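Visitor: sequence? don't have it. structure:
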């Protein structure tokens, strides 16, 4: 599961490569354009390192926080089979966070520093997890339609230029394919069930559609910053292109179940081949990402509580000769 | 106290405005590099790292993280700080390797000589 690390389109681009050795920069860019991967100890521009740390770290935080809305329904999952499957999925997500923190660490930011930035609210995570899972059907919609968005993003990023991130994503994508099938199965079960079950899944879909449309972030085509990050294969596709790909793949599958989406303007434009839709409310997106969403405070309080209550265990296990060095790959 | 949609969280009695001391250095211990073998007879392959306080814990976490799907028969863990490596910057040390045909099976071609000899001696 994942949320897009979105880049502010208004950020200034001209200072990105200021002060970099032009020869080394040219060599670095040539390597990337040949399709070679960058490894942890290679030379890299400061901005490349900074953006990758930010992106991979946000991705890791999203996995950890994403476990909370879904975990809400483990104790009340309908039936033992679904309880087992949901537990396995949530454990996968936490495992993904471990893989991603490890990849980010190879760029020189310690895991402790990343966790500190999460629990103080300094680092972001995917905005969708600031919304609650009211019903079992919400957990089903998350598993199918949020994970579907995550897969589009992760498959694209797995072709990026930074070796450790690509390797982590390859492993993650394999596991996500189970999440998607599990989620689809859970939604189909409700959608083909009793009138009450159908209503339940329709209501959850209506609730989740605005956060889903926010998922890939605001339009970023015009940004010069984005262009450089795309050249460096840090960012692999524009937010709009990923959103279009998502709509193209999943809207027909949703309509196929006779469910409706709360956007009267949503339709495929036969002339352009692209989807038309009502522009999502980006003011709400900004408000929620900056802390004022329905669940932001709870999510972080729960994380702080978990770190604090586990602290004595971690300290008891620490030995005097512990000596951290940056992992190899 | 948080009154959550998640009954487990409500039961945990968590303050909404709690604050905690930041995690200190080495709070997450150190890292082990993980090597995974899919089946007997295969090479062990490097698959990633785990953070752990001791080797037993590293093996446990490695099993959970890297042996979760598909086949596995064996895992090794090695402390990252005990692995010695070459540098990518020095990869020119391998440059002459492909030139040394005298070490390759393909560096030896005898059929031409044999055929010439056979022709000359009418064998």
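Guide: Structure received. Computed from a prediction, not measured in an experiment: that's the story for all the values here. Numbers count the residues shown, from 1 in each chain, chains lettered A, B, ... in the order given.
Visitor: Wondering if stretch A:200-220 reaches chain B at all.
Guide: No: Stretch A:200-220 is not in contact with chain B by CB under 8 Å from any CB of the partner chain; minimum separation 12.8 Å. Yep, even glycine has a C-beta here, placed from its N, CA and C like the rest.
Visitor: Show me which positions of that stretch end up buried.
Guide: A:200-202, A:204-205, A:207-218, A:220 (16 or more other CB atoms under 10 Å in any protein chain shown).
Visitor: Same question for stretch B:25-45.
Guide: So for stretch B:25-45, counting by 16+ other CB under 10 Å, buried means B:26, B:27, B:28, B:29, B:30, B:31, B:32, B:33, B:34, B:35, B:36, B:37.
Visitor: now that stretch: how far from the chain's centre is it?
Guide: 6 Å (CA atoms, centre = their mean, to the nearest Å).
Visitor: what does stretch A:250-266 give?
Guide: 23 Å.
Visitor: again with stretch A:30-49
Guide: The chain centroid and the centroid of stretch A:30-49 are separated by 23 Å, computed with CA atoms, centre = their mean.
Visitor: buried ones in it?
Guide: A:32, A:37, A:38, A:40, A:42, A:44, A:45, A:47, A:48.
Visitor: which of those come close to chain B?
Guide: residue A:42.
Visitor: Of the buried residues of stretch A:30-49, which is the nearest to residue A:79?
Guide: The closest of the buried residues of stretch A:30-49 to residue A:79 turns out to be residue A:37 (CB to CB; 43.9 Å).
Visitor: Tell me where the chain has helices.
Guide: With no chain named, the answer covers chain A. A:22-33, A:46-71, A:80-105, A:111-119, A:136-141, A:147-157, A:163-191, A:195-214, A:224-231, A:239-256, A:282-287, A:296-317 (DSSP state H).
Visitor: ah, no, chain B please
Guide: Counting by DSSP H, the helices of chain B are B:7-11, B:55-66, B:111-120.
Visitor: Any chance you could list what contacts the longest one?
Guide: Right, helix B:55-66. A:91, A:95, A:98-99, A:317, B:32, B:34, B:36, B:47-48, B:50-52, B:72, B:75, B:77 (CB atoms under 8 Å, 6 or more residues apart in numbering or on different chains).
Visitor: Find the nearest non-adjacent residue to residue A:159, please.
Guide: Among residues not flanking residue A:159 along the chain, residue A:236 sits closest, at 6.0 Å (CB to CB, 6 or more residues apart in numbering or on different chains).
Visitor: what about that neighbour, how many neighbours?
Guide: Neighbours of residue A:236 under the rule other CB atoms under 10 Å in any protein chain shown: 17.
Visitor: Likewise for residue B:101?
Guide: 10.
Visitor: That one contacts residue B:107, doesn't it?
Guide: Yes: counting by CB atoms under 8 Å, residue B:101 touches residue B:107, with 3.5 Å between them.
Visitor: Would you check which pair of the buried residues of stretch B:25-45 lies furthest apart?
Guide: B:27 and B:37 (31.4 Å).
Visitor: Output the below-cut-off pLDDT ranges for chain A.
Guide: Within chain A, the stretches with pLDDT under 70 are A:1-14, A:221-223.
Visitor: repeat that with 80
Guide: Applying pLDDT under 80 to chain A flags the ranges A:1-15, A:220-225.
Visitor: before we move on, what about chain B?
Guide: In chain B, no residues with pLDDT under 80.
Visitor: For chain B, state which of the buried residues of stretch A:30-49 is nearest.
Guide: Closest approach to chain B among these (CB to the nearest CB): residue A:42, at 5.9 Å.
Visitor: I'd like the distance between that closest one and residue B:46.
Guide: According to CB to CB, to the nearest Å, residue A:42 stands 18 Å off from residue B:46.
Visitor: Also residue A:272?
Guide: From residue A:272 to residue B:46 the distance is 46 Å (CB to CB).
Visitor: quick one: which of those two has more around it?
Guide: Using other CB under 10 Å as the criterion, residue A:272 and residue B:46 rank with residue B:46 on top: 16 against 9.
Visitor: With adjacent residues omitted, what lies nearest to that one?
Guide: Here the residue nearest residue B:46, using CB to CB, 6+ apart, is residue B:35, at 5.6 Å.
Visitor: you'd agree the one you found is up against residue B:77?
Guide: Yes: taking contacts as CB under 8 Å, residue B:35 lies within contact range of residue B:77: 7.5 Å.
Visitor: who are the neighbours in contact with the residue nearest in space to the middle of chain B?
Guide: Residue closest to the average C-alpha location in chain B (CA atoms, centre = their mean): residue B:46, at 1.2 Å. By CB under 8 Å, 6+ apart, residue B:46 lies in contact with A:329, B:33, B:34, B:35.
Visitor: The same query, at a cut-off of 10 Å, please.
Guide: For residue B:46, the residues meeting the contact criterion (CB atoms under 10 Å, 6 or more residues apart in numbering or on different chains) are A:167, A:328, A:329, B:33, B:34, B:35, B:36, B:76, B:78, B:83.
Visitor: quick one: which of the buried residues of stretch B:25-45 sit in strands?
Guide: B:30, B:31, B:32, B:33, B:34, B:35, B:36, B:37 (DSSP state E).
Visitor: So residue B:21 sits against residue A:315, correct?
Guide: No: contact criterion CB atoms under 10 Å: residue B:21 and residue A:315 do not qualify, at 11.9 Å.
Visitor: Could you check which of those two is surrounded by more residues?
Guide: Using other CB under 10 Å, the more surrounded residue of residue B:21 and residue A:315 is residue A:315, with 12 against 9.
Visitor: residues contacting that one?
Guide: Here residue A:315 is in contact with B:24, B:26, B:27, B:53 (CB under 10 Å, 6+ apart).
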